[in-house]
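Trainee: all I have is the shape, not the residue letters:
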DNA sequence: CTAATAATTGACTTTTACGTAAAAGTTCTT
DNA sequence: AAGAACTTTTACGTAAAAGTCAATTATTAG
């Protein structure tokens, strides 16, 4: 009973709007480990979710290396004290960075509002002039 | 009376933590237009503010082309109706994108909280085990 | 079974955003 | 005027993250 739901690589590329090359690249980089039937890749739901997270990380500007690092922690937090503390520091820095980025986004959203207003004003002018 | 405050290129590189190459690159790309005294660049406060905005755009993942486009609008919103509407559509899309990105950041912040918790748990274990 | 379709692999290319190095000009200081 | 410290221009280099292409396999429909 084939209950195990598998995704093919093209199903996922379509769902996420990425190329097969991209997913294979992520595999080469050790971010995902789809199963194989022969040489064909079979992606499980867990792989799919991981890909979602990878793409999310990518969207907010994480590098492959950073994403890999976060994934590592999920798989197994380091067993050594020093490593752990170092990791926590890194995590803290990342959070700071993300908060700054959030602020940048908020500011830019406001700026885009202004741009829109400028456009509307301009539109009104044009409308009147016609 | 030299009231006009000018910044040298290195002053700005120090303030913003970028290289001279970066600022010259932005000039080549038409993002900024510092004055010249001879061949030396002189940056005015307006240039400085513009650089701030460029770097902010960079931080949130805008490409040079996108940043240039936004700057253009500030300088002169397009005079033609069709252009204007197109621009407004683009602005709207950008805003959507930024909202999504903000959501990505929020989600990731929560995830980093989890990572930290995992670390703390691990730390406790190690502490007890010792 | 065979043609068509899909997937894999490996090599090479592209794009973006600068880095780097060389050679020469400019300015300030002593 | 000479040296130090900056700057400029030109040109080539680089890293990250894929894209593209070609040559092979695998799988599946008919």
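Mentor: Now that the structure is in, tell me what you want to look at. Small disclaimer: the values here were computed from a predicted structure and weren't measured.
Trainee: do a quick rundown of the strands in chain A.
Mentor: Secondary structure of chain A (DSSP state E): strands at A:35-37, A:40-42.
Trainee: which of those strands sits most buried?
Mentor: Highest mean neighbour count among the strands of chain A (mean count of other C-beta atoms under 10 Å in any protein chain shown): strand A:40-42, with a mean of 16. The way it works is simple: take the backbone N, C-alpha and C, and place the C-beta from them, glycine included.
Trainee: quick check, that strand touching DNA strand C?
Mentor: Yes: residues of strand A:40-42 contacting DNA strand C under C-beta under 7 Å from any atom of the strand: A:40, A:41.
Trainee: least reliable of the strands of chain A by average pLDDT, please.
Mentor: Ranked by mean pLDDT, these bottom out at strand A:35-37, with a mean of 85.
Trainee: quick one: closest of the strands of chain A to residue A:23.
Mentor: strand A:40-42 (7.9 Å; C-beta to C-beta).
Trainee: can you list the residues that contact that closest one?
Mentor: Strand A:40-42 has contacts (C-beta atoms under 8 Å, 6 or more residues apart in numbering or on different chains) with A:6, A:7, A:8, A:9, A:23, A:24, A:27, A:34, A:35, A:36.
Trainee: mind running it again at 10 Å?
Mentor: Identification of contacts with strand A:40-42 by C-beta atoms under 10 Å, 6 or more residues apart in numbering or on different chains yields A:4, A:6-9, A:12, A:20, A:23-24, A:27, A:32-36, A:47.
Trainee: stretch A:87-101 too?
Mentor: Residues contacting stretch A:87-101 (C-beta under 10 Å, 6+ apart): A:60-62, A:66, A:69-70, A:72-73, A:77-78, B:56, B:59-61, B:101-102, B:104-106, B:108-109, B:111-113, B:115-116, B:118-120, B:122-123.
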